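In: coords below, sequence missing:
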């Protein structure tokens, strides 16, 4: 017990860093994903082509490679990020692409009749989007969003590769220093708690939008 109390501050500090990356990635990438998905459905072909290329790159290469490229590669051409900023940049760019594809599928699943009904009711395009389309899209995409959110919790451990003081790094340092597996066990417990809370929150959101079924 004394040992757990000894390493708890470093583990909690690392967990806070992981949580910040998780939260900021969600806050930024979900709305950006909606915007990019609308761009992917745009009739303006140059914009559509650029966004398709962006999504292809982000989804076709590992997030780990993207982290390394942004933090270690870009300084070669004079673009320098701090560790935390590099991590956020990589995560937001990556998850925006994944969420964009999810939302694109959700928008395409909305029957055309919904838009025609909105026109009959004389709703503006934004009113149709906000009050008719978005609630139904959210209901459709929640399961896929949930999978990505759980993946995001675990993916935060990848920032260890650029030396950011996250939860996994704190556990590895304690394990190497004290020659015991207990820190890694505690790291696993904290990750399980984080994924459990995220899954519970998503279930509540799904229940809220169940009325649209």
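Out: Now that the structure is in, tell me what you want to look at. The structure presented is a predicted model; accordingly, all values stated were derived computationally and were not measured.

In: so where's the protein uncertain?
Out: The chain contains residues with pLDDT under 70 at 115-116, 118, 120, 211-213.

In: for the lengthiest helix in it, name the packing helices and strands.
Out: Counting by DSSP state H, the longest helix found in the chain is helix 2-40. In terms of contacts (3 or more CB pairs under 8 Å, 6 or more residues apart in numbering; DSSP states H and E), helix 2-40 is packed against helix 45-60, helix 83-108, helix 134-155, helix 167-178, helix 182-208. Bear in mind the C-beta positions are built from the backbone N, C-alpha and C, glycine included.

In: apply 6 Å and report the result again.
Out: Helix 2-40 makes packing contacts with helix 45-60, helix 83-108, helix 167-178, helix 182-208 when contacts are defined by 3 or more CB pairs under 6 Å, 6 or more residues apart in numbering; DSSP states H and E.

In: tell me the most buried of these?
Out: For the helices and strands packed on helix 2-40, the largest average neighbour count (mean count of other CB atoms under 10 Å) is found in helix 83-108, namely a mean of 21.

In: that helix packs against which elements?
Out: In terms of contacts (3+ CB pairs under 6 Å, 6+ apart), helix 83-108 is packed against helix 2-40, helix 45-60, helix 63-68, helix 134-155.

In: distance to residue 31 added to the helices and strands packed on helix 2-40, as CSV?
Out: Output for the helices and strands packed on helix 2-40, formatted as CSV (distance: least, CB to CB, whole Å):
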stretch, distance to residue 31
helix 45-60, 15
helix 83-108, 9
helix 167-178, 26
helix 182-208, 15
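
In: for residue 7, find the nearest of those helices.
Out: Closest of these to residue 7 is helix 167-178, at 4.8 Å (criterion: CB to CB).

In: list the helices and strands the closest one packs on?
Out: In terms of contacts (3+ CB pairs under 6 Å, 6+ apart), helix 167-178 is packed against helix 2-40, helix 182-208.

In: next, the angle from that helix to helix 182-208.
Out: Counting by axes from the mean of the first three to the mean of the last three CA atoms, to 10 degrees, helix 167-178 lies at 160 degrees to helix 182-208.

In: buried set for the longest helix of the chain?
Out: Within helix 2-40, the residues that qualify as buried by neighbour count (16 or more other CB atoms under 10 Å) are 7, 10-11, 14-15, 17-19, 21-22, 25-26, 28-30, 32-34, 36-37, 39-40.

In: with stretch 124-139 instead?
Out: Neighbour-count burial for stretch 124-139 flags 128, 129, 132, 133, 134, 136, 137, 138, 139 (criterion: 16+ other CB under 10 Å).

In: for residue 3, state which of those is nearest.
Out: Nearest to residue 3 out of these is residue 138 (CB to CB; 45.0 Å).

In: apart from its chain neighbours, what residue comes closest to that closest one?
Out: If the residues on either side of it in the chain are set aside, residue 138 comes closest to residue 209, at 5.5 Å by CB to CB, 6 or more residues apart in numbering.

In: distance between stretch 63-76 and the chain's centre?
Out: Offset of stretch 63-76 from its chain centre (CA atoms, centre = their mean, to the nearest Å): 18 Å.
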